[in-house]
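[1] this is the structure alone, sequence omitted:
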Ligand SMILES: Nc1ncnc2c1ncn2[C@@H]1O[C@H](COP(=O)(O)OP(=O)(O)O)[C@@H](O)[C@H]1O
Ligand SMILES: [Mg+2]
């Protein structure tokens, strides 16, 4: 008897008791669905992370020098010199001075606007575009000019799109708006990434009465070498402070890697737990197949009397078990995809983020492979039992 | 006529604890191609044991069974399955049709295991069903048929593979006398067509339909000869279940 004939026979038997087949498959369906959704969730999380991090720039190092426990300090010029001395590794640098205070446009107050002092290179380092006017330049920084570049949100919300040339007040100081940045996020809103003001770091230092600048953004030449660059900067700072608590250097690429491996680990553990239900499903299949062999003892006896070899009987039962669980696997995949897109919709509406649950082709192939494999493995024992039945006993069986 | 079935001192012993049951006690017999033989005996006389051995469903404890000149005792399970498939056609008392399959599919089963391709399988199964008068019920399920019809399906299934021997174990046992006679007539017709038939029964009146009777008692042959000789139906001092009627 050929494989296809056995397959046809299996389909026939499966269809002749749909309810039982469905219940048998349930474990596999749930297991496969769970694996697919979990892996999809993991993929979605990783993609989301990657997007968020690449917005922050995976080629950047964030340097923070609170100078705690040390009387020493490091000047802006020496930081610039560090970058200039290592052109193979480090590309550009910008001090970042985060300001707090009130932002006023005419008489209106913008509460959620972030105000940051940066260098003229900052926009290029971050990949921010300028849509109107110009960005900050060297002269602005050198002369501590009272100028600024604002985000698109402020431009639209307060200046009806014509902010360039107007002024904005920060803590009472009038800043002239020289440029407007391109829109950064899909949806512009108050407190979002388009609700921002950038001014020369020298001006910022003057306005906030801080002598030393304690945080920097550095871009690296090769983002795959981010970890080495981080060490380079750390070594330099250790040379000055001789104290690891005085500074910290964060590599976005490294953080992304760490995050990714953490997510991977969590996903692997969750998927492994979900896979346990595949094994449970397999045991369910074995159980039903054993019952089925007992129920069909007479049928097996008849088939043997009519010339079925052990191999044929074996094949029939193994294929039946494999087909049952493969069918379960296919239903599980369908359900997994359905749940994944439902989850994407729910997450994006509830959490207001664009994370999408994306099942991977790999997990689908694995699900099918594993479910067929489980059917065959757990179907083997009952099939063996069926094949070994003595035809005389089987014929006498009622 | 060549010897198709040959038993040489065939014994089958069942051991149950300390006691032994000689279900076949040194049986020697020869059945030739084209014969119609009835094996008769009371319940427990060893008919089924004999039939299982002839049918290659079981092997003798000792002695030699030659089927078509081949020693069955030395065969492995696969070879026995092949012999059952190619050389033997079974008709059971309980019909033993597969309830989920249609009549056509039921009759096709032996051909399926013989590896006959589908179109030929269909054609031959259909011919066999037509021959037993059920050509109009190919797609029916066994449960839609009367007992006599079901037994005719099982006859069609037995002969579809053109076996060397058709083995019928109490084929009329579950039927009323009228349909029983029809089934016997069908067997008679198969014999007339040249088939070798071994009929197993406890009923003398049915046994006399055959040409030759082999009577068993306690696993041993007590008569082997013409079905119409007076001794054929007289058991040695037995108050028989199936005495002459
Ligand atoms: N599997 C078995 N185990 C033990 N004893 C058996 C077995 N099969 C048959 N017998 C015994 O062998 C004898 C012959 O049985 P059987 O061939 O079934 O006779 P019949 O078919 O003529 O009624 C009986 O005494 C029966 O009890
Ligand atoms: Mg019997």
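    In hand now; what should we look at? These numbers were taken from a predicted model, which means no experiment stands behind them. Residues are numbered from 1 along each chain as shown, chains lettered A, B, ... in the order given. Ligands and ions are numbered 1, 2, ... in the order given.

[2] how many other residues sit next to the closest residue to ligand 1 within chain A?
    Proximity to ligand 1, evaluated over chain A using CB to the nearest ligand atom, is greatest for residue A:392 at 7.4 Å. (Glycine included, C-beta is placed from N, CA and C.) Residues within reach of residue A:392, counting by other CB atoms under 10 Å in any protein chain shown, total 17.

[3] distance of it from chain B?
    Plainly put, residue A:392 is 5 Å away from chain B if you go by CB to the nearest CB, to the nearest Å.

[4] do I have it right that that residue meets residue B:51?
    No - the pair residue A:392 and residue B:51 fails to qualify as a contact (CB atoms under 8 Å) at a distance of 10.1 Å.

[5] quick one: contacts for residue 224?
    In the absence of a named chain, chain A is used. Residue A:224 makes contact with residue A:253, according to CB atoms under 8 Å, 6 or more residues apart in numbering or on different chains.

[6] wait, chain B
    By CB under 8 Å, 6+ apart, residue B:224 lies in contact with B:29, B:212, B:213, B:214, B:215.

[7] 6 Å instead?
    By CB atoms under 6 Å, 6 or more residues apart in numbering or on different chains, the contact list for residue B:224 reads residue B:214.

[8] that one belongs to a helix?
    No - counting by DSSP: H, G, I helix; E, B strand; the rest coil, residue B:224 is not found in a helix; it is strand.

[9] gap between it and residue B:214?
    5 Å (CB to CB, to the nearest Å).

[10] that's a strand at residue B:167, yeah?
    Yes - with three-state DSSP as the criterion, residue B:167 is part of a strand.

[11] which bits of chain B sit near ligand 1?
    Chain B comes close to ligand 1 at residues B:14, B:16, B:21, B:23, B:41, B:43, B:44, B:45, B:46, B:47, B:48, B:49, as judged by CB under 6 Å from any ligand atom.

[12] what number of residues lie near the third one?
    It stands for residue B:21. Around residue B:21 there are 15 residues (other CB under 10 Å).

[13] contact partners for it?
    residue B:14.

[14] go on, the last one?
    With contacts taken as CB under 6 Å, 6+ apart, residue B:49 has the following neighbours: B:12, B:23, B:24.

[15] how near is residue A:84 to residue A:91?
    Computed as CB to CB, the residue A:84 to residue A:91 distance reads 11 Å.

[16] the more surrounded of the two?
    residue A:91 (19 against 10).

[17] and residue 192, what are its phi and psi?
    Went with chain A since none was named. phi -80, psi -170 (degrees, to the nearest 10).

[18] now it. Nearest residue, chain neighbours left out?
    Spatially, and ignoring its direct neighbours in sequence, residue A:192 is nearest to residue A:185 (5.6 Å; CB to CB, 6 or more residues apart in numbering or on different chains).

[19] touching, the one you found and residue A:196? I think so.
    No - assessed by CB atoms under 6 Å, residue A:185 is found out of contact with residue A:196, at 11.0 Å.

[20] and the two? which has more neighbours close in?
    Legend: neighbour count by other CB under 10 Å for residue A:185 and residue A:196, higher for residue A:196 (23 against 14).

[21] bridged to the more buried one, which residues?
    Residue A:196 has the following beta-bridge partners by DSSP bridges: residue A:114.

[22] relative to residue A:190, how far out is it?
    Relative to residue A:190, and taking CB to CB, residue A:196 is found at 11 Å.

[23] please identify the helix or strand for residue B:94.
    Residue B:94 belongs to no helix or strand when assigned by DSSP states H and E.

[24] excluding chain neighbours, what is closest to it?
    Of all residues not flanking residue B:94 in the chain, residue B:174 sits nearest, at 6.4 Å (CB to CB, 6+ apart).

[25] quick check: residue B:81 is in a helix.
    Yes - according to three-state DSSP, residue B:81 belongs to a helix.

[26] what is the end-to-end distance of stretch A:205-212?
    From its first residue to its last, stretch A:205-212 covers 8 Å (CA to CA, to the nearest Å).

[27] mind listing what's buried along that stretch?
    Buried positions in stretch A:205-212, judged by neighbour count with 16 or more other CB atoms under 10 Å in any protein chain shown: A:205, A:207, A:208.
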